[in-house]
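**Student:** predicted coordinates and the sequence they were generated for:
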Amino acid sequence: MARTALVERTTKESDVRVELDLDGTGNASSDTGVPFFDHMVSQLGKHGGFDLTVVTKGDLHIDAHHTVEDTSLAIGQALREALGDKQGVRRYGDALVPLDEALVQAAVDLSGRPYLVHDEPEMVELIGSYDTSLTKHIWESIVATAQITLHVRVLAGRNAHHVVETQFKSVARALRTAVEIDPRVTGVPSTKGVL
C-alpha cells in the first residue's frame, strides 16, 4: 500500500502544493521563494528518507511569514494523510544530531495529539532573509496538522544556520524511525487501537 499524499492549499496569501512519499529515497526539492526555508525543507526529505516536493507561491512582497506558515501546514497535512491509519508503524522516533558545534535532540510520537515542546536559545534575527523566529512556528504548524507530538531541544550551538539546520535534520531522522513499518507490529501500536 502506497504511503503517499498530495496536498494543495490555496488562500489569499499563498498557493501551496506538497507531494510526499514516506517510502521514498530522500529525493527532495522545495521552491517557496524563501531560499533558507527551501534548504531546510530539503533537509526533511533527504534525512527523513522521504520523497518530498514542495512548490509555494506566496505574498513575499509582504514578508515570508504566510509562505512559510502555509507551506508548513501543508507538509504536516501531507504527513498525516500519507500515514493513513498508521497500521504497523514504529510510532516513536528520536535522534541526536550534531552539525559542527550544534547539537539537537528530537523525539516524535505519531500520537494523534498535537503537542510541541521547543527549546532553542536566542539567536540572531536573520539568516539571509529568513526570520529565525519562524523556526518554532514551522514546528507548531507541522505538529498541528500532522497531529503528532514533537520535542526539539537545542543542546549546543552558536551559529544560527547550524542551530536551525540541525533541528530539521534531527526531526527528519526522528520521523524516519517513527514512520517505518515494524514487522513485529500488527495493527496500530496503541492499546487504544487508534492513533
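**Tutor:** Okay, I see it.
**Student:** which residues of the protein fall in strands?
**Tutor:** Along the chain, the segments classed as strands by DSSP state E run 4-10, 14-21, 28-31, 51-58, 92-99, 102-109, 115-119, 126-127, 130-131, 149-156.
**Student:** what is the first one packed up against?
**Tutor:** Applying 3 or more Cβ pairs under 8 Å, 6 or more residues apart in numbering; DSSP states H and E, one finds that strand 4-10 makes contact with strand 14-21, helix 65-83. Glycine gets a C-beta too; all of them are placed from N, C-alpha and C.
**Student:** of the ones you listed, which approaches Gly193 most closely?
**Tutor:** Nearest of the helices and strands packed on strand 4-10 to Gly193, taken as Cβ to Cβ: helix 65-83 at 15.8 Å.
**Student:** and the closest residue to His39 other than its chain neighbours, what does it touch?
**Tutor:** For His39, ignoring the flanking residues on the chain, the nearest one in space by Cβ to Cβ, 6 or more residues apart in numbering is Glu165 at 7.4 Å. By Cβ atoms under 8 Å, 6 or more residues apart in numbering, the contact list for Glu165 reads His39, Met40, Gln43, Leu99, Ala102.
**Student:** try 7 Å this time
**Tutor:** Listed by Cβ atoms under 7 Å, 6 or more residues apart in numbering, the contact partners of Glu165 are Met40, Gln43, Leu99.
**Student:** equivalent analysis for Lys192, please.
**Tutor:** For Lys192, counting by Cβ under 7 Å, 6+ apart, there are no contacting residues.
**Student:** tally of neighbours for Asp31?
**Tutor:** If you count neighbours by other Cβ atoms under 10 Å, Asp31 ends up with 14.
**Student:** use 14 as the first number for this chain going forward.
**Tutor:** Noted, 14 is the first residue going forward, which turns the last one into Asp44.
**Student:** OK, contacts around it?
**Tutor:** Going by Cβ under 7 Å, 6+ apart, Asp44 touches Asp51, Val67, Val68.
**Student:** picking that back up, quick one: closest of the strands of the chain to Gly200.
**Tutor:** Closest to Gly200 of the strands of the chain is strand 105-112 (Cβ to Cβ; 15.9 Å).
**Student:** what angle separates the closest one from strand 162-169?
**Tutor:** Interaxial angle of strand 105-112 relative to strand 162-169 (axes from the mean of the first three to the mean of the last three Cα atoms, to 10 degrees): 20 degrees.
**Student:** Ala41 touches Ser55, doesn't it?
**Tutor:** Yes: using Cβ atoms under 7 Å, Ala41 makes contact with Ser55 at a distance of 4.5 Å.
**Student:** of those two, which one has the most company?
**Tutor:** Ala41 (23 against 19).
**Student:** look up the closest residue to that one, ignoring the ones flanking it.
**Tutor:** Nearest residue to Ala41, sequence neighbours excluded (Cβ to Cβ, 6+ apart): Gly58, at 2.5 Å.
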